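Student: Task: produce atomic coordinates for the following.
(one chain, ligands or ions: 2)
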Amino acid sequence: MSKPVKAAVMGTGSWGTAFGMVLADAGCEVTLWARRAGLADAVNSTRTNPDYLPGVELPRNLRATTDAAEATRDADFTVLAVPSQTLRANLADWTPLLAPGTVLVSLMKGVELGSAMRMSEVIEDVAKVGPDRIAVVTGPNLAREIAARMPAAAVVACTDEAVAQKLQTHSHTPYFRPYTNTDVVGCELGGAVKNVIGLAVGIADGMGLGDNAKGSLITRGLAETTRLGMALGADPLTFSGLAGLGDLVATCSSPLSRNHTFGTNLGKGMTLQETIAVTKQTAEGVKSCESVLDLARRHKVDMPITETVVGIVHEGKPPVVALKELMSRSAKPERR
Ligand SMILES: NC(=O)C1=CN([C@@H]2O[C@H](COP(=O)(O)OP(=O)(O)OC[C@H]3O[C@@H](n4cnc5c(N)ncnc54)[C@H](O)[C@@H]3O)[C@@H](O)[C@H]2O)C=CC1
Ligand SMILES: O=C(CO)COP(=O)(O)O
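Tutor: Ligands and ions are numbered 1, 2, ... in the order given. All right, here's what the predicted structure looks like:
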């Protein structure tokens with residue numbers, strides 16, 4: 001009998017745990033790495049993750065540990081599922097423990113503050129592995145729906161198609177349908193920028209601006225994401241796929257989205273501090289709006305919605321003022 005495929009999932013939050021379930025349901029032996037012993041014990045003894053996915057029964061071939069060396073030992077896939085801004089420090093600790101030849105898989109949808117690096121670039125920089133050993137999983141994958149085994153498609157991106165196909169095979173289940181893509185840049189930018197657009201749509205929803213505003217923000221948000229992607233060498237078609245439009249639609253229409261909910265609270269008039277206080281989980285766009293804007297400026301790309309979100313979230317601009325400014329920008333053709 002052939003050896004079971006082993007996966008380490010570094011991070012026991014909602015998406016790390018839910019994607020661990022996907023891998024386990026696809027037949028992998030999965031070990032989750034948790035920061036807190038209490039959570040690892042709860043996963044192993046109750047077969048649930050009470051902090052992040054309460055009420056969801058976890059598969060038998062998934063367990064948890066706080067020992068990173070134990071989690072990563074002999075792993076064919078090492079899945080990284082911590083908040084984007086903590087990846088560099090965490091991965092520096094884990095790099096000496098990585099199994100030789102393991103494929104590093106990013107679930108994260110963010111851009112690093114300061115360096116403006118995408119997560120696969122941070123992985124390459126810290127772990128010193130080539131792009132053929134780094135894959136990205138992205139798309140419309142709200143963790144709670146996946147954990148309930150509700151159907152979704154996803155993208156597995158790697159510059160080496162054979163590596164993407166290997167992960168595709170080991171994450172394909174009756175409810176999770178991954179497609180491969182070799183455009184890693186486009187797939188990562190789609191995921192990171194949609195969190196920023198999700199904040200913008202949430203703010204508009206909180207202000208009661210209606211569905212025309214939502215449709216306009218989604219479409220123009222996708223236009224500015226595509227502009228940035230093209231400046232960075234991405235394939236523009238990626239943005240009309242699952243990693244672009246697909247994820248944007250799910251995030252911008254779902255009350256399960258943390259970014260959308262964060263924006264809605266701001267749009268209803270909560271202060272940033274009040275909004276942060278009621279947000280229990282990672283809303284990546286809150287930090288990544290600044291790094292995405294930084295990236296855009298480095299490449300001389302105009303991203304007015306992202307700039308507006310930075311203004312509201314980090315510069316205390318009242319949403320009504322930001323709206324007025326956005327609507328009164330100079331008139332231009334749609335395709336520029
Ligand atoms: N939740 C979702 O529906 C989806 C999330 N994502 C992305 O996946 C990534 C992870 O998100 P979630 O699991 O949802 O977040 P989460 O907030 O549910 O969990 C974050 C996990 O990271 C751990 N953590 C926090 N700070 C840490 C640190 N300094 N060092 C090490 N671990 C730390 C937490 O203990 C927790 O286990 C994010 O980039 C997010 O954008 C992508 C697709 C779907
Ligand atoms: O990325 C997601 C769905 O694909 C989850 O979005 P939030 O991080 O806004 O909850």
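Student: distance of residue 73 from residue 31?
Tutor: 8 Å (Cβ to Cβ, to the nearest Å). Where C-beta positions appear, they are placed from N, C-alpha and C, glycine not excepted.
Student: Neighbour count: these two, which is higher?
Tutor: residue 31 (23 against 14; other Cβ atoms under 10 Å).
Student: Looking at residue 296 now. What's its pLDDT?
Tutor: According to the per-residue confidence, residue 296 scores 98 in pLDDT.
Student: go on, residue 282?
Tutor: Note for residue 282: predicted pLDDT of 87.
Student: same check, this time on the one 5 residues further on
Tutor: The confidence metric pLDDT takes the value 97 at residue 287.
Student: Can you give the distance of whatever helix or strand it lives in from its chain's centre?
Tutor: Take DSSP states H and E as the rule and residue 287 turns out to sit in helix 285-298. Relative to the centre of its chain, helix 285-298 is centred 15 Å away, using Cα atoms, centre = their mean, to the nearest Å.
Student: what do you get for stretch 121-139?
Tutor: With Cα atoms, centre = their mean as the basis, the distance from the averaged C-alpha position of stretch 121-139 to the chain average is 14 Å.
Student: go on, stretch 175-185?
Tutor: Once both centres are worked out by Cα atoms, centre = their mean, stretch 175-185 turns out to sit 14 Å from its chain's centre.
Student: ok, residues contacting that stretch?
Tutor: By Cβ atoms under 8 Å, 6 or more residues apart in numbering, the list of residues contacting stretch 175-185 from outside reads 22, 25-26, 118, 120, 131, 134, 136-137, 146, 149-161, 164-165, 167-168, 171-172, 187, 229, 232-235, 238, 241-243.
Student: Tell me which entries of these lie within strands.
Tutor: Cross-referencing those with the strands (criterion: DSSP state E) gives 134, 136-137, 152-157 as the overlap.
Student: Go ahead and flag the most central residue of this structure.
Tutor: Residue closest to the average C-alpha location in the chain (Cα atoms, centre = their mean): residue 109, at 2.7 Å.
Student: Who are the contact partners of residue 127?
Tutor: For residue 127, the residues meeting the contact criterion (Cβ under 8 Å, 6+ apart) are 91, 95, 98, 104.
Student: State the pLDDT value of the third one.
Tutor: As summarised for this prediction, residue 98 has a pLDDT of 98.
Student: Please report how far it lies from ligand 1.
Tutor: Look at residue 98 and ligand 1: by Cβ to the nearest ligand atom, to the nearest Å, they are 16 Å apart.
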